[in-house]
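Got a predicted structure plus its sequence, pasted below:
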Amino acid sequence: HNPPLPGPISAGIVEEFESDQGFIQTSPDVTISGGQVVWPYKRNGGVQYVYRSITPFAGNLRVVMRGQVDSWTSNCTIQAGVGDSLGSGAGVTIGYTGGGCETNGPLIDAYGVALLDRKSGDCQFAGNWLWVEGGRPYTATLELRDGAATLAVDGVGISTGEVTYEGPYTTLFVGNRGNGDWPECEGKIDSIRVEPLR
């Protein structure tokens, strides 16, 4: 007989941000409103997240994020995903990259992974960078399976690499931690789906 196909081990989490009930907000800037996480994120604004606890798990997972970046002043991104504390874990980042470089723009990226087929240094962007357009929603799927990472953005492309974080996952969050720099960016996250995988 055939072995079972790999798939979700549970129903997972579907978060559409219909309510802020159960969420903790660390800053007045990143909020849940109108069925979205709305963020004007300021890199000099300290800790800026909305988050809630989830049933803990570890290992393989899929994170599907739908969102967009609307405006930016320079390099600025937020994270949408899961981890063991705010800013640590695995998920999708969205924002703007390449300030001061000839190649720049809105970008969807990932954290908790090292995307192997690309590198950046001194404004040299080589490999598969998932550049997107501002003001347009995108669906990004990050899959972490047995050490391999795949980030796919519908209509844009796929980037692959290796997993650098495998759990535990105890918290779902959207936002970022300020580092004292001046840039700002704004956007919206419509939904996050998290599926543990076999």
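The structure has been received and is ready for your questions.

Contact partners for the closest residue to Glu15 other than its chain neighbours?
Counting by CB to CB, 6 or more residues apart in numbering, Ile192 is the residue found nearest to Glu15 once chain neighbours are left out, at 4.9 Å. From N, CA and C alone the C-beta is placed, and that goes for glycine too. Applying CB atoms under 8 Å, 6 or more residues apart in numbering to Ile192 gives the contacts 13, 15, 63-65, 80-81, 91, 172, 174.

Same check on Gly35?
Gly35 touches 16-18, 190, counting by CB under 8 Å, 6+ apart.

let's go with 10 Å and repeat that
16-19, 188, 190-191 (CB atoms under 10 Å, 6 or more residues apart in numbering).

Of the contacts of Ile192, select the buried ones using a ChimeraX command.
With 16 or more other CB atoms under 10 Å as the criterion, this ChimeraX line picks the buried residues out of the contacts of Ile192:
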select :13,15,63,64,65,80,81,91,172,174
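
Any idea which of the contacts of Ile192 the model trusts least?
Ranked by pLDDT, the contacts of Ile192 bottom out at Ile13 (90).

so what's the nearest residue to that residue once chain neighbours are set aside bridging to?
Closest residue to Ile13 apart from its sequence neighbours, by CB to CB, 6+ apart: Val194 at 4.3 Å. Val194 has these beta-bridge partners by DSSP bridges: Ile13, Val63.

Val194 touches Thr170, doesn't it?
No. Val194 is beyond contact range of Thr170, at 11.7 Å (criterion: CB atoms under 10 Å).

Which of the helices or strands spans the residue nearest the centre of the chain?
When CA atoms, centre = their mean is applied to the chain, the residue found nearest the centroid is Val92 (2.0 Å). Following DSSP states H and E, one finds Val92 within strand 88-97.

what's the answer for Gln79, then?
Short version, using DSSP H and E: Gln79 is in strand 76-85.

same question, Thr170
With DSSP H and E as criterion, Thr170 is part of strand 169-177.

and that strand, how far from the chain's centre?
9 Å (CA atoms, centre = their mean, to the nearest Å).

going forward can the numbers begin at 38, since that is how I track them
Let's use 38 as the start, then, which means that last one is strand 206-214.

Now do that strand and strand 113-122, the angle between them.
150 degrees (axes from the mean of the first three to the mean of the last three CA atoms, to 10 degrees).

Paired strands for strand 206-214, with orientation please.
In the sheet, strand 206-214 lines up with strand 84-94 (antiparallel), strand 113-122 (antiparallel) (DSSP bridges).

Please consider this matter closed, and thank you.
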